[in-house]
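Enquirer: have a look; sequence and predicted model below, questions after that.
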Amino acid sequence: MIVHKAYKFRIYPNKEQIELINKTIGCSRFVFNFFLGKQKEKDAYWYICEEMRQNGQLTPNNWKGEFLNKYETVKALPHLKKHYSFLKEVDSIALQKSVENLADSYSRYYKKQNKKPRFKSKRNPVQSYTTKQTNGNIAVT
């Protein structure tokens with residue numbers, strides 16, 4: 001029989017670490033909201049084209065609304081970092097995970113399991129981000 005254990009820790013970061021954690025949370029929220037806005041623009045354009053096609057203003061076409069592609073958005077992150085330099089200061093894995101969460105929420109929406117994804121708010125009392133431990137980037141001593 002396999003027994004799963006969970007550990008809960010309380011950490012006490014110093015001022016520099018608090019600042020870095022807050023920056024990472026803010027940048028993860030920014031990336032999530034940025035790509036969510038792009039996807040909502042695509043969806044709005046698709047609905048307009050579909051309505052015009054049904055009214056006979058456009059010829060029938062085979063163009064379908066594009067789903068959010070996780071791999072394409074992860075590839076777009078370096079280009080986004082060129083335009084927004086503050087994204088270079090934080091953990092890149094956290095930004096990638098934020099995009100993966102958005103893609104997962106859209107896939108659940110299209111399967112009719114969840115509601116449509118919404119923009120993340122700074123006012124929400126629960127703020128978090130997810131990252132992985134690679135090359136010793138995270139250490140609790």
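Expert: Looks like it arrived, so ask away. Numbers count the residues shown, from 1 in each chain.
Enquirer: residue ranges of the helices in this protein, please?
Expert: With DSSP state H, the ranges of helices along the chain come out as 15-54, 70-83, 92-110.
Enquirer: redo those helices as a markdown table? Include mean pLDDT and mean neighbour count.
Expert: C-betas here are computed from N, CA, C, even on glycine. Formatted as a markdown table, the helices of the chain follow (pLDDT from 0 to 100; neighbours: other CB atoms under 10 Å):
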| stretch | mean pLDDT | mean neighbour count |
| --- | --- | --- |
| helix 15-54 | 89 | 15 |
| helix 70-83 | 93 | 13 |
| helix 92-110 | 92 | 18 |
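Enquirer: of the ones you listed, which is nearest residue 1?
Expert: Evaluated with CB to CB, the helices of the chain place helix 92-110 nearest to residue 1, the distance being 30.7 Å.
Enquirer: from the chain's centroid, how far away is that closest one?
Expert: 5 Å (CA atoms, centre = their mean, to the nearest Å).
Enquirer: how about stretch 133-141?
Expert: Its chain's C-alpha centre and that of stretch 133-141 lie 23 Å apart, by CA atoms, centre = their mean.
Enquirer: could you dump that stretch to PDB, C-alpha only?
Expert: In PDB, the C-alpha atoms belonging to stretch 133-141 read as follows (Å, rounded to 0.1, in the frame of the first residue of the first chain):
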ATOM      1  CA  GLN A 133      13.400  23.600  -8.400                       C
ATOM      2  CA  THR A 134      16.100  23.500 -11.100                       C
ATOM      3  CA  ASN A 135      19.800  24.000 -10.700                       C
ATOM      4  CA  GLY A 136      19.400  25.100  -7.100                       C
ATOM      5  CA  ASN A 137      17.300  28.100  -7.800                       C
ATOM      6  CA  ILE A 138      15.100  27.400  -4.700                       C
ATOM      7  CA  ALA A 139      16.600  26.600  -1.300                       C
ATOM      8  CA  VAL A 140      15.000  26.600   2.100                       C
ATOM      9  CA  THR A 141      17.700  26.700   4.800                       C
END
